[in-house]
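In: Pasting a predicted model and its sequence here:
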Amino acid sequence: MPLKIYNTLTRRKDEFKPLVEGRVGIYVCGPTVYGHSHIGHAKSYVSFDVIVRYLRYLGYKTLYVQNITDVGHLTDDADEGEDKIEKQSRKDRIHPMQVVEMYTRSYFDDMDALDVVRPDISPRATGHIIEQIAIVQKLIEQGFAYEKNGSVYFDVTKFKEYGKLSHRPIDEMEAGARVGVNPEKKHPADFALWKKAEASHIMQWQSPWEMGFPGWHLECSAMSMKYLGETFDIHGGGMENQFPHHECEIAQSECATGKQFVKYWIHNNMVTVGGQKMGKSLGNVINLKDAFKKYSPLVVRFFILQSHYRSTLDFTDEALEGASKGLEKLLNTVRNLREEVGKLRKLEVKGSEMKDSSFKSQDSIFVDLVGFKKAFLDAMDDDFNTPQAIGILFDLSREVNTILAGGKAEIKILQEADALFNVLGGVVLGVIPAHVEAQSLEGASENDLIQFIIELRAEARAQKLWTMSDKIRDGLAKLGIIIEDKKDGTTWRLVSS
RNA sequence: GGCGCCGUACCCAAGUGGUAAGGGAGAGGUCUGCAAAACCUUAAUGCAGCGGUUCGAAUCCGCUCGGCGCCUCCA
């Protein structure tokens, strides 16, 4: 089955065909760095992370560009209001670039915690002022933009296809329904390409017009086309940016180049909190740093991928708890699987020394690993259906647990199952870490200490001193160390958070 | 007002024409000294409601009810 992607431009699932065989160029709208990242950022960037991971898994040489917005994003989309970063800098009494640096680092810290693979290029708007000015000049020359009082605006009436992404005909939009109309604009839907800056504005640059700064929409056009070409494969972002942000990007880019800007538009849905939208004005924004105090980043990632990227995701404790337990179940399987593989490998070494392979089970169980893999890939090919793909991992988990419990496992099948978990659950989805079986604490001595305690407990159990052995188990549990007695010995693991 | 989404068991969540995945919680059982983990069984004759199309609909069409989003801030 070929990969199909829901394309906002066509409102259909389109078969994915890259512009250049074997290569993909993808641009995703990055954060405006004036505050810490929240769970909405997590949903967006985890979703696109899996999309990029999957494209690479399919063998596409993928160039992933994601901007850092450090200028031009105003507190108001009617091209009025303050620059968000300047506003924050005044509040904190630090330089705007300090704000940018601080929250850019914070952003990457959070994304690293979520195991989001970093973009190949993270360009900043302030580093591409020249490229942005060049586009504005081109648009003016070709009659798509006009200057007024030192600012430059895009003339939406000159671009007949304006509205083709969001399907909003400009004529039917009530002019100034929510915001006042900027008198400098010819048409209320015109948007700023360049804004003249007041003297007090710290971040401003020279231009053919007045000293000023670029409009928010412009940076994405400039940087995406610079690194990916005038036409590229995939542009992603949050649904709320379909209009006006992405609509404006299309207008200015296609008018500047005369070519199609983007082939596939992917939009991910929003996060709600307790059924309500999450927004600054509602005061219910959950920062990732706070969320991580309660749920591990891996749980958050797993939770996000358990629903589809185009569905809204309701962030509730009950749902997070459920996801946490589910993930634990999956990781238990992988841990047990890897322990068993390790055990069998040792036996195999011994066995080969004795030239005797009788330790192998004669009637090992067949597991249709190829079938599981195909089902997983089919799910991913269908517009990155990660919830369904995760369901397949659980199906595989049950099969593996069954053969592990039956003790009829053949090492080859177990190794292949492990490899499958690694590739599909690890490399592609990023929800199965490479090392779940290593319960390392700070150092080796602690691990030895726990092993020693387990041995003491084994002696107590041998003497049927149940009160004592239970006391040891309970005591370790309180320290976050879970003891499990199995047929062929006792294992331990750290309680998952 | 314009554009759009959603309503699937107690909770989360796939499924877009062929007879309801998966996870959590619950109930019963197996294993175990007991736990834990794991496995087995059990869970909607039903997919908001009402009509319609069809041999057949959660899936398509219409209407009704309920919830939500974008067009301000926000991924």
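Out: Yep, that arrived. Residues are numbered from 1 along each chain as shown, chains lettered A, B, ... in the order given.
In: any low-confidence regions in the stretch 1-150 of chain A?
Out: Low-confidence segments of the stretch 1-150 of chain A, defined by pLDDT under 70, are located at A:76-80.
In: how about the helices in it?
Out: Along the stretch 1-150 of chain A, counting by DSSP state H, counting those that start in this stretch, helices occupy A:39-57, A:84-92, A:96-113, A:129-141.
In: Next: the stretch 351-497 of chain A.
Out: Ranges of helices within the stretch 351-497 of chain A are A:369-381, A:386-406, A:411-420, A:444-462, A:466-478, based on DSSP H, counting those that start in this stretch.
In: now those helices in CSV, with mean neighbour count, distance to RNA strand B and mean pLDDT?
Out: Where C-beta positions appear, they are placed from N, C-alpha and C, glycine not excepted. Formatted as CSV, the helices of the stretch 351-497 of chain A follow (neighbours: other C-beta atoms under 10 Å; distance: least, C-beta to the nearest atom of the strand, whole Å; pLDDT from 0 to 100):
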stretch, mean neighbour count, distance to RNA strand B, mean pLDDT
helix A:369-381, 17, 7, 95
helix A:386-406, 18, 3, 93
helix A:411-420, 17, 13, 93
helix A:444-462, 13, 5, 88
helix A:466-478, 14, 3, 92
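In: Same list, the ones you listed, but as CSV with distance to A:Met203 please.
Out: Below are the helices of the stretch 351-497 of chain A laid out as CSV (distance: least, C-beta to C-beta, whole Å):
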stretch, distance to A:Met203
helix A:369-381, 42
helix A:386-406, 39
helix A:411-420, 50
helix A:444-462, 51
helix A:466-478, 54
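In: what does the stretch 201-350 of chain A put close to RNA strand B?
Out: Taking C-beta under 7 Å from any atom of the strand as the criterion, the neighbours of RNA strand B within the stretch 201-350 of chain A are A:237-244, A:268-272, A:275-281, A:306-308, A:311-314, A:316, A:318-319, A:321-323, A:325-326, A:329, A:332-333, A:336.
In: Okay, and which of the residues you listed map to strands?
Out: Secondary structure from DSSP state E places A:Gly237, A:Gly238, A:Asn268, A:Val271, A:Thr272, A:Gln276, A:Lys277, A:Leu313, A:Asp314 of those in strands.
In: can you pick the most crowded of those residues?
Out: Per-residue neighbour counts (other C-beta atoms under 10 Å) across those peak at A:Asn268, which has 25 neighbours.
In: Do I have it right that that residue meets A:Val46?
Out: No - in this structure, A:Asn268 is not within contact of A:Val46 by C-beta atoms under 8 Å, at 9.3 Å.
In: where do the contact lists of the two overlap?
Out: Shared contacts of A:Asn268 and A:Val46 (C-beta atoms under 8 Å, 6 or more residues apart in numbering): none.
In: circling back to that earlier point, between the helices of the stretch 351-497 of chain A, which one is closest to A:Tyr264.
Out: helix A:369-381 (14.4 Å; C-beta to C-beta).
In: Which strands or helices does that closest one pack on?
Out: Secondary-structure packing of helix A:369-381 (3 or more C-beta pairs under 8 Å, 6 or more residues apart in numbering; DSSP states H and E): helix A:386-406, helix A:411-420.
In: how about a cut-off of 6 Å?
Out: When contacts are defined as 3 or more C-beta pairs under 6 Å, 6 or more residues apart in numbering; DSSP states H and E, helix A:369-381 sits against helix A:386-406.
In: which residues are in contact with the helix it packs on?
Out: Outside helix A:386-406, the residues that touch it by C-beta atoms under 6 Å, 6 or more residues apart in numbering are A:305-308, A:330, A:333, A:336-337, A:340, A:365, A:367, A:372, A:375-376, A:379-380, A:409, A:417, A:425.
In: Just give the number of residues close to the closest residue to A:Ile51 other than its chain neighbours.
Out: Computed as C-beta to C-beta, 6 or more residues apart in numbering, the closest residue to A:Ile51 that is not its neighbour in sequence is A:Phe384, at 5.7 Å. Counted by other C-beta under 10 Å, the residues lying close to A:Phe384 total 24.
In: what's the spacing between A:Phe384 and A:Leu58?
Out: 11 Å (C-beta to C-beta, to the nearest Å).
In: Kindly report the same for A:Trp216.
Out: Distance, A:Trp216 to A:Leu58, by C-beta to C-beta: 33 Å.
In: quick one: which of the two has more around it?
Out: Here A:Trp216 and A:Leu58 are compared on neighbour count by other C-beta under 10 Å; more neighbours surround A:Trp216, at 25 against 17.
In: Read off the pLDDT value for that one.
Out: pLDDT for A:Trp216: 88.
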